[in-house]
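Chemist: Predicted model follows, preceded by the sequence.
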Amino acid sequence: MKNNFGMYAVRDELSGEIDVEATMNRFHTELQAQVAHETNDLDAIAGAVSTVFNKHPNVNIKTDSVIHAVLRELNVDVMDDKPMVKRIRTYLQDNADDTRESGKTYKCNKGQNGGICRWSEYTEKPAKTTKKSRDGNNK
């Protein structure tokens, strides 16, 4: 695997040797900028996901549909920004669970009627009861 350390290397003007301290400072500055960018993305994603569920309350929405709706909210083309799609999917996975006790914001429903909904809007469906026939046997 080839590394890209050369793009961060700061060289001494006279000797041409790598100035390790200046290189580390440059890398640190660029890394902090990247962290800030990703933090801003995460805040924007969280806001856009919330907006999608505000527009569609009390509805299970398939994960891919949530992702596409979030991309529309963020004005991002799915074909142009695959890393953003991955960050949205990761955000949904990190903030959804199938148990209320998890403390997550969203409920992950699996199966045929699966999708994601807000825990705050989710209500348990009553258990199905069986009918008894006239002779007392369950149907």
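Modeler: Yep, that arrived.

Chemist: make it CA atoms for all contacts and neighbour counts henceforth
Modeler: Noted.

Chemist: Now do the same contact list for the residue nearest the centre of the chain.
Modeler: Centrality entry for the chain: nearest residue to the mean C-alpha point is residue 91, 1.8 Å, by C-alpha atoms, centre = their mean. Going by C-alpha atoms under 8 Å, 6 or more residues apart in numbering, residue 91 touches 42, 45-46.

Chemist: quick one, strands of this protein?
Modeler: Ranges of strands in the chain, per DSSP state E, are 96-97, 106-109, 115-118.

Chemist: Export those as CSV, with columns for distance to residue 28 and mean neighbour count.
Modeler: As requested, the strands of the chain are exported to CSV (distance: least, C-alpha to C-alpha, whole Å; neighbours: other C-alpha atoms under 10 Å):
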stretch, distance to residue 28, mean neighbour count
strand 96-97, 33, 20
strand 106-109, 35, 22
strand 115-118, 38, 21
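
Chemist: out of those, which comes closest to residue 35?
Modeler: strand 96-97 (23.4 Å; C-alpha to C-alpha).

Chemist: The closest one pairs with which strands, parallel or anti?
Modeler: Strand 96-97 sits in its sheet next to strand 106-109 (parallel), going by DSSP bridges.

Chemist: quick one: contacts of the partner strand?
Modeler: Residues contacting strand 106-109 (C-alpha under 8 Å, 6+ apart): 60, 92, 95-100, 114-119, 122.

Chemist: Tell me how far the residue nearest to the centre of the chain lies from residue 63.
Modeler: Going from residue 91 to residue 63 by C-alpha to C-alpha, to the nearest Å gives 11 Å.

Chemist: With residue 69 instead?
Modeler: Relative to residue 63, and taking C-alpha to C-alpha, residue 69 is found at 10 Å.

Chemist: Only C-alpha atoms, please: export stretch 14-27 in CSV.
Modeler: Provided in CSV are the C-alpha atoms of stretch 14-27 (Å, rounded to 0.1, in the frame of the first residue of the first chain):
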residue,chain,number,x,y,z
LEU,A,14,18.0,25.3,1.9
SER,A,15,18.7,21.6,2.4
GLY,A,16,15.5,20.2,1.0
GLU,A,17,15.2,17.8,3.9
ILE,A,18,11.8,17.2,5.5
ASP,A,19,11.1,19.4,8.5
VAL,A,20,9.4,17.0,10.8
GLU,A,21,8.0,19.6,13.2
ALA,A,22,6.6,21.8,10.4
THR,A,23,5.2,18.7,8.7
MET,A,24,3.5,17.5,11.9
ASN,A,25,2.0,21.0,12.4
ARG,A,26,0.7,21.0,8.8
PHE,A,27,-0.8,17.6,9.2
